[in-house]
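J.: let's see this in three dimensions:
(one chain, ligands or ions: 3)
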Amino acid sequence: MQEERKVKLNEILKKSAERESFYLVYQPIIEVKTKKIYAVEALLRMRDHNELGRINPDEFIPILEETGMIKQVGYWIIDEVCQQIKKWNKENGVWIPVSINIDIQQLLDENFVESVKEIIVKHDINPRYIKFEITESEAMKFPEIIIEVLKKLKGIGIEISIDDFGTGYSSLSYLKIMPVSYIKIDKSFVQNIPHNKSDNILVMTIVNLAKLFGFKTVAEGVEEKVQFLFLEEIGCDYVQGYYFSRPVPPDRIKEMLTSQA
Ligand code: C2E
Ligand code: MG
Ligand code: MG
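T.: Ligands and ions are numbered 1, 2, ... in the order given. The predicted structure follows:
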């Protein structure tokens, strides 16, 4: 990104209140067995700015992380998701789990688990409808500390996914003791199946390994039918990607839930 744009964006982010600058879109996560929406992933977006125009997540999320602002915005996201879960329940009569991306700085915040608990209690949401995603590379930065925090989260009923799996060099010894429920296979591998033999083997191995450890698998970045069929064949549990749906506004999720009911 251009230096000038980055400085400007930094200023804008510092000044703005969450609700005015951000919104969330949601991408369905499909259960392979039933081909129905199993959960959705919340993805952060920034509203267009009158000077900077459209600002992509790969521009503003790194700044939120670098400056530590992600901690504050992160709480807003959890709060917003809790409200949305209730809204979908009112509209559709179903409880749809939402998976939220969590930055390592949030996990390392001493008050994180307590604050999350407070938000969930405030909205009277069953914690099983909130899931957290943490990238493999970040989880492996401070594995001992992260494992302790994840244990506490699991203790209050929040399930954890390891995101972008396959890119972060996890050690098997940590994977074994990670209190994790889902492994999300990185889209860079998924996008090459079924035409790239070594990625086929890699994806198959991750699915089998995950099973042995008792984790469910999610493939992200599924764009084509052939990729879905391959994943179905090898026993992957869930899929996510443009083949099923792009990330969409909450009302579109409501419509999808209605039409699959
Ligand atoms: P991620 O968590 O791995 O999210 C998946 C990214 O892949 C999303 O990009 C999504 O739009 C994109 N995607 C989904 N399906 C497909 C597909 O079929 N093909 C391709 N090419 N891409 C697909 P997005 O929304 O730009 O987010 C990028 C990253 O930014 C996320 O990666 C996540 O690490 C981070 N991020 C997004 N929202 C949040 C948030 O609320 N908090 C934090 N801490 N990080 C976030
Ligand atoms: Mg994610
Ligand atoms: Mg990912």
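
J.: what segments of the stretch 151-261 of the chain are strands?
T.: Remark: strands assigned in the stretch 151-261 of the chain by DSSP state E, counting those that start in this stretch are 159-165, 182-185, 216-219, 238-239.

J.: now mean neighbour count too, for those, in a markdown table please.
T.: Glycine gets a C-beta too; all of them are placed from N, C-alpha and C. Converted to a markdown table, the strands of the stretch 151-261 of the chain look like this (neighbours: other CB atoms under 10 Å):
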| stretch | mean neighbour count |
| --- | --- |
| strand 159-165 | 25 |
| strand 182-185 | 26 |
| strand 216-219 | 26 |
| strand 238-239 | 24 |
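
J.: tell me which parts of the stretch 51-200 of the chain are close to ligand 1?
T.: Contact residues, the stretch 51-200 of the chain versus ligand 1 (CB under 6 Å from any ligand atom): Pro57, Ile61, Ile70, Ile77, Asn101, Ile102, Asp103, Glu133, Asp163, Asp164, Lys187.

J.: rerun at 5 Å
T.: Contact residues (CB under 5 Å from any ligand atom) of the stretch 51-200 of the chain with ligand 1: Pro57, Ile61, Asn101, Asp103.

J.: find the nearest non-adjacent residue to the first one, please.
T.: The one in question is Pro57. Leu44 (6.3 Å; CB to CB, 6 or more residues apart in numbering).

J.: is it true that the one you found touches Leu24?
T.: Yes: shown here, Leu44 and Leu24 form a contact pair, counting by CB atoms under 8 Å, at 6.2 Å.

J.: quick check: neighbours shared by these two?
T.: Ile77 (CB atoms under 8 Å, 6 or more residues apart in numbering).

J.: what's the closest of the residues of the stretch 51-200 of the chain next to ligand 1 to Lys154?
T.: Lys154 lies nearest to Asn101 out of those, by CB to CB, at 17.6 Å.

J.: in space, what's closest to the closest one - neighbours in sequence excluded?
T.: Leaving aside its sequence neighbours, Asn101 sits nearest to Glu133 (CB to CB, 6+ apart; 4.9 Å).

J.: beta partners for the one you found?
T.: Beta-bridge pairing for Glu133 (DSSP bridges): Asn101, Ser161.
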